[in-house]
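Undergrad: can't give you the sequence, but here's the structure:
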């Protein structure tokens, strides 16, 4: 027997898909900023390239991250349609706010913050699953640091391997290799980020008793989320592209390749472990890592500091907004 209102379920699904589109739009820079700033691809070709690989990510990954979001952070028995609605509004509002100001904050953590804020407002702290939340919090710190370390190591390794090569030859090689690394970061982005929306839709369907007594993600949800993510990337997030590709540090094809490859490896690992990480955090850490090898002053630390503040505020800000929305819903319910 279904719990709640079918029109509200449909509206929440559409809103979740809108969030997924906005996630792709907001995070387009993660996939294409480096390849655009190094002039390997023109922006419109880079966006088409990234969108394609965002979409085909469904062929490479299981659904561990979707399960973490759906049933790994809060007790699914407390979930209802109003709670999911509040969580989505909180995440979408924060995404639009940070997009407007060109801040590459995490869509993933906005969604997690919205979900936690709505859950705490509805039922207090008891339904929270501490191990799942702890994994996410650890990943907030580890993913950019691992991306930075791998970026630094890759850049150091490339510098040794190509020490005797001419700059022209190095650029020619890595302009081609950056197409591969850009594809890898796009696949990893789609594989991790689209699953977060899948988890939200699946727990909505599960809590409304529309998919039986066992939590799973229906195929139409998987397909829809990857498609919307790809379409969002297709429309791009130009303000953030400028920040990611040009303001943090000056990139060349070799450094762009190292940053993208380091970030993709980090996200592949997290997705395999079922950890919803921030693609934005990871690629930013990788860019900082490759920039640091050139010279500590090659990184514009003022821009990096502003980005870190956006990270710090994302989960509580999205959670606060979703809590306010929940209270408004309670007044009119």
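TA: Looks like it arrived, so ask away. These figures come from a predicted structure and were not determined experimentally. Residues are numbered from 1 along each chain as shown.

Undergrad: Where in the protein is the helix or strand with the lowest mean pLDDT?
TA: Ranked by mean pLDDT, DSSP states H and E, the helix or strand of the chain with the weakest confidence is helix 238-242, at a mean of 55.

Undergrad: Name the next helix or strand following that one along the chain.
TA: helix 253-272 (DSSP states H and E).

Undergrad: Show me which positions of that following helix end up buried.
TA: Going by neighbour count (16 or more other Cβ atoms under 10 Å), the buried part of helix 253-272 is 253-268, 270-271. For the C-beta atoms, the positions are set from N, CA and C on the backbone; glycine is no exception.

Undergrad: So which elements touch the helix or strand just after that helix?
TA: As assigned by DSSP H and E, the chain's next helix or strand after helix 253-272 is helix 279-294. Under the contact criterion of 3 or more Cβ pairs under 8 Å, 6 or more residues apart in numbering; DSSP states H and E, helix 279-294 touches helix 28-37, helix 130-161, helix 167-207, helix 253-272, helix 301-332.

Undergrad: where in the stretch 201-333 of the chain is pLDDT low?
TA: Filtered on pLDDT under 70, the stretch 201-333 of the chain yields the residue ranges 236-250, 294-307, 310, 333.

Undergrad: let's see it at 50
TA: 245-246, 248 (pLDDT under 50).

Undergrad: dump the residue contacts of the nearest residue to residue 158 once chain neighbours are set aside.
TA: Counting by Cβ to Cβ, 6 or more residues apart in numbering, the nearest residue to residue 158 once its immediate chain neighbours are dropped is residue 254, at 5.6 Å. Listed by Cβ atoms under 8 Å, 6 or more residues apart in numbering, the contact set of residue 254 reads 155, 158, 162, 170-171, 174.

Undergrad: same thing but 6 Å
TA: Applying Cβ atoms under 6 Å, 6 or more residues apart in numbering to residue 254 gives the contacts 158, 170, 174.

Undergrad: How about the contacts made by the last one?
TA: Applying Cβ under 6 Å, 6+ apart, one finds that residue 174 lies in contact with 253-254, 257.

Undergrad: in the helix or strand where residue 65 lies, what counts as buried?
TA: Assigned by DSSP H and E, residue 65 falls within helix 64-71. Using 16+ other Cβ under 10 Å as the burial criterion, the residues of helix 64-71 that qualify are 64-71.

Undergrad: swap in stretch 203-220?
TA: 203-208, 211, 215, 217.

Undergrad: a markdown table please, covering these and showing distance to residue 122.
TA: Formatted as a markdown table, these follow (distance: Cβ to Cβ, whole Å):
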| residue | distance to residue 122 |
| --- | --- |
| 203 | 14 |
| 204 | 14 |
| 205 | 19 |
| 206 | 17 |
| 207 | 12 |
| 208 | 16 |
| 211 | 22 |
| 215 | 19 |
| 217 | 23 |
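
Undergrad: so which of these comes closest to residue 79?
TA: The shortest gap between residue 79 and any of these belongs to residue 207, at 4.1 Å (Cβ to Cβ).

Undergrad: Quick one: residues contacting the closest one.
TA: So residue 207 contacts residue 79 (Cβ under 6 Å, 6+ apart).

Undergrad: again, but for residue 116
TA: residue 319.

Undergrad: Ends of stretch 101-111, what's the gap?
TA: End-to-end distance of stretch 101-111 (Cα to Cα, to the nearest Å): 19 Å.

Undergrad: pLDDT value on the closest residue to residue 165 other than its chain neighbours, please?
TA: Nearest residue to residue 165 in three dimensions, chain neighbours excluded: residue 173, at 8.0 Å (Cβ to Cβ, 6+ apart). At residue 173, the pLDDT value in this model is 87.
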